[in-house]
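Kindly return the folded structure for what I paste below:
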Amino acid sequence: MDSANSGRMISEAIRKIALGRSIDRVNMSPSGTGGVGTARLIHGYVAKINDDPSDEFCGTIDVGEFPDETASTEPFIHKGVLLAGAKDNAGGFLIIPTLFSDVTIVSDAATRYSYVVNFSHADFIQIHAHKETVVGVVETEELDPESNDSPDYDELEPTGNQATTKYTAEQVLTSVKNKNDKEATITVVAETITHKVDKSEVNQSKDKIQQKVNRTTIVLADNKVTLGDENATEPLVLGNELAQLMLEFITECSKIMTPTLMGTMPAINCPNFPSLASKIQKFLSKTSYTK
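Numbers count the residues shown, from 1 in each chain. Predicted coordinates:
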């Protein structure tokens with residue numbers, strides 16, 4: 001074996017050791033595009049969103065390269081760029097960028113597949129998890145970049161201010177807390193929605209809405225409203241009916257006559273009745289009504 005062949009064999013062996021399984025992808029790539037991983041980043045814009053079910057590229061986008069990203073004098077369009085690592089966009093994590101927005105894609109020369117890895121604007125964001133999804137913000141103390149003793153970001157103390165929404169298959173729980181240990185929550189399950197803020201609470205189900213502050217309760221149900229307590233039994237008064245009744249009562253009282261030695265005389269306080277009648281309309285609410 002001559003020295004030239006021996007050198008090539010040694011070089012190829014070193015290449016295989018260095019590239020590992022990537023060597024297969026390098027060999028698959030077209031001439032002139034070989035390299036470790038055979039991938040490159042491309043900056044461009046969303047030229048088309050393929051949403052026609054009859055189109056073979058449905059569920060993908062077409063991306064046009066910016067002029068300074070390609071040596072071609074004509075606009076180069078990458079067709080069928082995948083929006084997620086999986087070809088089927090039905091589940092998992094999915095982002096559909098806005099038409100003509102900026103995107104960055106990675107192109108694998110070996111498989112000829114391209115994927116979106118960055119975007120400037122989105123029309124649709126999908127997160128489908130099997131068990132749980134949490135979205136939130138937990139505020140921490142500020143990092144001091146001037147101090148060598150400052151904790152790292154993952155060691156910074158929480159301030160107590162935080163807001164999170166947790167999604168499971170059974171419920172959605174939204175919680176907002178502050179550094180004063182105050183908390184507001186919204187819990188949504190299939191049949192009820194509950195809002196809680198300190199001592200107040202609102203519960204909504206399919207047949208009633210209950211609002212409670214400590215032990216004071218208002219309940220709205222079909223054809224029934226209760227105030228003060230859900231089990232209240234005393235009916236409310238109809239204001240106009242009561243006002244009319246009081247007007248008639250006062251009018252009749254003003255007609256009372258009393259027999260005296262001087263003959264039949266009106267009641268001694270009869271002059272007060274007209275002034276009482278004029279005050280009846282004042283006790284009728286201008287903002288609250290019942291039926």
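
isn't there a helix covering N203?
No. Using DSSP: H, G, I helix; E, B strand; the rest coil, the secondary structure at N203 is strand, not a helix.

surely it meets T194?
Yes. Using C-beta atoms under 8 Å, N203 is in contact with T194, at 5.2 Å. Every C-beta, even on glycine, is put in place using the N, C-alpha and C of the backbone.

per-residue confidence for the residue of the chain positioned farthest from its centre?
What lies farthest from the middle of the chain is L261; by C-alpha atoms, centre = their mean that is 84.7 Å. pLDDT for L261: 79.

got it, and E69?
Looking at E69, the pLDDT reads 53.

The one 10 residues further on now?
You'll see K79 listed with a pLDDT of 92.

cool, and A90?
A90 carries a pLDDT value of 73.

What residues does the residue most central in space within the chain make contact with?
Centroid-nearest residue in the chain, with C-alpha atoms, centre = their mean: T165, separated by 7.7 Å. Contact analysis of T165 by C-beta atoms under 8 Å, 6 or more residues apart in numbering lists V134, V135, G136, V172, L173, T174, S175.

where are the low-confidence patches of the stretch 51-200 of the chain?
68-73, 85-88, 109-110 (pLDDT under 70).

Show me the strands in it, by range?
60-65, 77-82, 93-97, 102-108, 114-119, 122-127, 132-140, 158-168, 171-177, 183-189, 192-197, 200-205 (DSSP state E, counting those that start in this stretch).

Of the ones you listed, which is nearest L247?
strand 200-205 (39.6 Å; C-beta to C-beta).

tell me the contacts of P274?
S254.

Please point out which parts of the strand or helix carrying it sit buried.
Assigned by DSSP states H and E, P274 belongs to helix 272-278. For helix 272-278, the neighbour count (16 or more other C-beta atoms under 10 Å) marks F273, A277 as buried.

Let's have the strands of the stretch 51-200 of the chain in JSON lines, adding distance to T251.
As requested, the strands of the stretch 51-200 of the chain are arranged in JSON lines below (distance: least, C-beta to C-beta, whole Å):
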{"stretch": "strand 60-65", "distance to T251": "81"}
{"stretch": "strand 77-82", "distance to T251": "85"}
{"stretch": "strand 93-97", "distance to T251": "75"}
{"stretch": "strand 102-108", "distance to T251": "81"}
{"stretch": "strand 114-119", "distance to T251": "78"}
{"stretch": "strand 122-127", "distance to T251": "71"}
{"stretch": "strand 132-140", "distance to T251": "67"}
{"stretch": "strand 158-168", "distance to T251": "62"}
{"stretch": "strand 171-177", "distance to T251": "58"}
{"stretch": "strand 183-189", "distance to T251": "54"}
{"stretch": "strand 192-197", "distance to T251": "49"}
{"stretch": "strand 200-205", "distance to T251": "46"}
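
Check the ones you listed for me and report the most buried one.
Ranked by mean neighbour count, the strands of the stretch 51-200 of the chain are led by strand 60-65 with a mean of 21 (mean count of other C-beta atoms under 10 Å).
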